[in-house]
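Asker: quick one: sequence and predicted model below, then my questions.
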Amino acid sequence: MEKLKEESIFSQHFRTFYLQYAGELIFFARQFVDIYTAEDIVHDIFLKIWDKKLTIVVEENIRNYLLSMVQNACYDHLKHIQVKDTLMNSFTRQLKIDELKYYESSMDQWQNKEKVEAIYASIEKLPSKSRDIFKKAYIEGQKHAVIAEELDISVRTVETHIYKALKFLRNNLIIFLLILLL
């Protein structure tokens, strides 16, 4: 029974204490944070006092002590937001870097595909005999002597066809590569 009476007395004193200081503390906190955060900070401070059932001695220093608690809580809140923002900025920055790398690799793949298609298209523009010899040498990987024997021509003729095909491809593809670079 005695404990219930003490809690009732504490509740009454606490309510008076809260009504006396809460408005001023919220107003003070508003200098640093928004209204909702200010209210949360002040309410959290009063909850700590309530939970610990601190003996409330109304004296001159209690106001300064409460203002100091609010100031520190605002500082902690702002520091937390700053760290969170820094982390989010870091994540956002890394995401943008990863995105750029993805687009860069996609662009490289596109350009490589375009290059290969241009090479094959240029090969198809070669005269038929040079095209056949070039494909056997570079696509199928046959040696010049094997190609010469298969087509019943000299190795020197195979080399001449390959030389002319490479010269044609070089001239034909240089324009394509310049367009890609630009």
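Answerer: Yes, it's here. Not measured: the values here are computed from a predicted model. Residues are numbered from 1 along each chain as shown.
Asker: mean confidence for stretch 62-71?
Answerer: For stretch 62-71, mean pLDDT rounds to 88.
Asker: contacting residues for Ala137?
Answerer: His144, Ile147, Val158, Ile162 (CB atoms under 8 Å, 6 or more residues apart in numbering). C-beta here means a position set from N, CA and C on the backbone, and glycine is covered the same way.
Asker: can you list these in CSV and add distance to Lys136, neighbour count and secondary structure?
Answerer: Shown next, in CSV, are the contacts of Ala137 (distance: CB to CB, whole Å; neighbours: other CB atoms under 10 Å; DSSP: H, G, I helix; E, B strand; the rest coil):
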residue, distance to Lys136, neighbour count, secondary structure
His144, 9, 18, helix
Ile147, 5, 23, helix
Val158, 9, 24, helix
Ile162, 10, 18, helix
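Asker: how about those residues, which pair is most distant?
Answerer: Pairwise distances across the contacts of Ala137 (CB to CB) peak at 8.8 Å, for the pair Ile147 and Ile162.
Asker: where does this protein dip in pLDDT?
Answerer: Residues of the chain meeting the criterion pLDDT under 70: 1-7, 53-60, 103-111, 175-182.
Asker: for Gln32, helix, strand, or coil?
Answerer: Not quite, residue 32 is Phe, not Gln. coil (DSSP: H, G, I helix; E, B strand; the rest coil).
Asker: start the count at 148 instead of 1 going forward.
Answerer: Yes, from this point I'll number from 148; that puts the last item at Phe179.
Asker: by contact count, what packs against the longest helix along the chain?
Answerer: Assignment by DSSP state H gives helix 207-271 as the longest helix of the chain. If you count contacts as 3 or more CB pairs under 8 Å, 6 or more residues apart in numbering; DSSP states H and E, helix 207-271 packs onto helix 149-176, helix 182-199, helix 275-281, helix 302-328.
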